[in-house]
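K.L.:
Coordinates for the following, if possible.
(chains A and B)
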Protein chains: 2
Amino acid sequence: MDFQEERKQKVTNIEEILVRYLPEKKGCQKLIMEAMEYSLMAGGKRLRPMLMQETYTMFGGEGRLVEPFMAAMEMIHTYSLVHDDLPAMDNDDYRRGRKTTHVVYGEDMGILAGDALLNYAFETAAGAFEMEPEQSQRIGRALGVLARKAGIFGMIGGQVVDVKETGHAITGETLEFIYELKTGALIESSMMIGAILAGASDAEITSVEKIASDVGMAFQIQDDILDVISTAEELGKPVHSDEKNEKTTYVTWKGLEGAKKDVEQISEAALGELRSLDRSNPYLEWLLSELVHRKS
Amino acid sequence: MDFQEERKQKVTNIEEILVRYLPEKKGCQKLIMEAMEYSLMAGGKRLRPMLMQETYTMFGGEGRLVEPFMAAMEMIHTYSLVHDDLPAMDNDDYRRGRKTTHVVYGEDMGILAGDALLNYAFETAAGAFEMEPEQSQRIGRALGVLARKAGIFGMIGGQVVDVKETGHAITGETLEFIYELKTGALIESSMMIGAILAGASDAEITSVEKIASDVGMAFQIQDDILDVISTAEELGKPVHSDEKNEKTTYVTWKGLEGAKKDVEQISEAALGELRSLDRSNPYLEWLLSELVHRKS
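P.N.:
As a prediction, the model looks like this:
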């Protein structure tokens, strides 16, 4: 089986895990459970849980302890999209060709479904304490990383700066700050949690954070590059949207060639750090390279 | 010192704890930190952290392990108010005589400040693992209760049903369901977490959940009673608002006398259960009685 095929199977496997960790749709609160499922099961690369699982197995993690955290991570990523799409934020009616959550369920339920997903993420992750009480210290540490990287020093922090700066030109440094927090933080916590739950050492966890930070940055720069060089057909969404919105991007900052050079350099640094570890996961190596060189 | 005086000092002490657990306002994300502080430090009874601390000491809890959870609980309560006040929800411009968070900081920051408070609640509570790693099992259990009672099977669940049912007549059973979840759940988790962190037995935790559930219900019924019998001066907010909004309340359901009788009966049950415990906290006993018989 080649890596492409393996990746498809892993996505299917992750989606089965997600469904398993969603609440059963019943009771007076059924509506919110439907809205949670609608947004969580809307497709996507499932990148964060995949990186978490691959890092977990790379460090010798076995069993299902990582699964509630994989589900929690995707719930956090999803809630951020649901709230991002709200009328008071980006006001998007469609995402991946489907109506956004607040369009289907109303704006009030859009807010509550986001809240519910964020809260349920921690509820789901906390379920790990019951699975393996003897691993409570590790699980506690993983929970701390999950919360910190999703919060004001992580994803929300990036989002706040992004929202504040929308509509005016920003410096390259601010752009990097936004990318590091808004995109990078959850990639970092995904890989760090995989390492922590598998029992990696502090030095290994630090390495993994560095790798993930580079991967997140290269991924985001590639996003800006694709918006310029790709076709709408390849990308599956409108191209040149950044230019139309007069948005500062990595390409407007460093130029197309500069951006391409930086993607190469940053992803090489990530792969170099990964190869320097006393562990190996060929699929993870392939995946990281694939992500930053992707065409869509 | 009488209990009234003691209560004031305890509120001051809790507010000092809250300030200590707020993030330092700095960096590019300073704005969201200001919005978090604005909403968290807007006053209020500080009931939930107080009940948590009193239950903690009643079961012999010592030291500061309970403090991050006290702060987390008030952050969760506060985020729920911030999101409740949003234009797409209750659309309230004022709360306790101050402009609401989204009025001051804009609707986008109102959404993000609520998200940030909810996330920071878990980040703060997870800090307990670093304070006392050897208590990780207890802390993990407390975190699970914190998440569950705030989520779709707790507060958010009640909120969803409340929002859905706004504007039409509802049954007494639905009203009880909303009160149990929207108000009761956080009172339950406050007292349960205090008990769990102090090392109470499973039977004691079950007792505490029952006491808190009754207290929450009596508190909420008393709220409906005060809206009818109190004066705006006594209450510090407009009275007869439920009647004006044609809202189904416990008083419209059971009549004023029926509601008063139920408050007595439910609070007696709570106090009876509290007295049956092999522990005592005279201040807590006074507080519970005070809450359900309050005039404002």
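
K.L.:
And residue A:251, which helix or strand is it part of?
P.N.:
Assessed by DSSP states H and E, residue A:251 sits inside helix A:250-276.

K.L.:
Show me what whichever helix or strand comes after that helix packs onto, helices and strands only.
P.N.:
Going down the chain from helix A:250-276, the next helix or strand is helix A:282-292, by DSSP H and E. Contacts defined by 3 or more CB pairs under 8 Å, 6 or more residues apart in numbering or on different chains; DSSP states H and E place helix A:282-292 against helix A:3-21, helix A:47-58, helix A:202-229, helix A:250-276. Backbone N, C-alpha and C define where each C-beta goes, glycine included.

K.L.:
Give me the distance from the first one to the chain's centre.
P.N.:
When C-alpha coordinates are averaged (CA atoms, centre = their mean, to the nearest Å), helix A:3-21 and its chain have centres 15 Å apart.

K.L.:
ranking the helices and strands packed on helix A:282-292 by burial, who's on top?
P.N.:
helix A:47-58 (a mean of 25; mean count of other CB atoms under 10 Å in any protein chain shown).

K.L.:
Can you give me the pLDDT of residue A:43?
P.N.:
You'll see residue A:43 listed with a pLDDT of 93.

K.L.:
can I assume it is in contact with residue A:96?
P.N.:
Yes - in this structure, residue A:43 is within contact of residue A:96 by CB atoms under 8 Å, at 5.6 Å.

K.L.:
Common neighbours of the two, please.
P.N.:
Overlap of the contact sets of residue A:43 and residue A:96 (by CB atoms under 8 Å, 6 or more residues apart in numbering or on different chains) is empty.

K.L.:
which residues in the stretch 51-200 of chain A form strands?
P.N.:
A:94-95, A:98-99 (DSSP state E, counting those that start in this stretch).

K.L.:
Can you flag the weakest of those strands by average pLDDT?
P.N.:
Across the strands of the stretch 51-200 of chain A, strand A:94-95 gives the lowest mean pLDDT, at a mean of 93.

K.L.:
which helices and strands sit right next to that one?
P.N.:
Short answer (3+ CB pairs under 8 Å, 6+ apart): strand A:94-95 packs on no helix or strand.

K.L.:
Could you list the residues in contact with it?
P.N.:
So strand A:94-95 is contacted by A:42, A:81, A:85, A:100, A:103 (CB under 8 Å, 6+ apart).

K.L.:
gap between the third one and residue A:79?
P.N.:
For residue A:85, the distance to residue A:79 (CB to CB, to the nearest Å) stands at 11 Å.

K.L.:
What values do phi and psi take at residue A:280?
P.N.:
phi -150, psi 150 (degrees, to the nearest 10).

K.L.:
rewinding a little: by neighbour count, which of the contacts of strand A:94-95 wins?
P.N.:
The residue in those with the most neighbours, by other CB atoms under 10 Å in any protein chain shown, is residue A:100 (24 neighbours).

K.L.:
give the contact list for that residue.
P.N.:
A:82, A:85, A:92, A:93, A:94, A:110.

K.L.:
Could you check the pLDDT of it?
P.N.:
Listed pLDDT for residue A:100 reads 97.

K.L.:
For it, which non-adjacent residue is spatially closest?
P.N.:
Leaving aside its sequence neighbours, residue A:100 sits nearest to residue A:85 (CB to CB, 6 or more residues apart in numbering or on different chains; 4.2 Å).

K.L.:
thought the one you found was touching residue A:101?
P.N.:
Yes - if you go by CB under 8 Å, residue A:85 and residue A:101 touch, sitting 7.0 Å apart.

K.L.:
Need the overlap of contacts for the two.
P.N.:
Common contacts of residue A:85 and residue A:101 (CB under 8 Å, 6+ apart): residue A:110.

K.L.:
who touches stretch A:225-237?
P.N.:
A:238-243, A:249-251, A:256, A:259-260, A:263, A:294-296.
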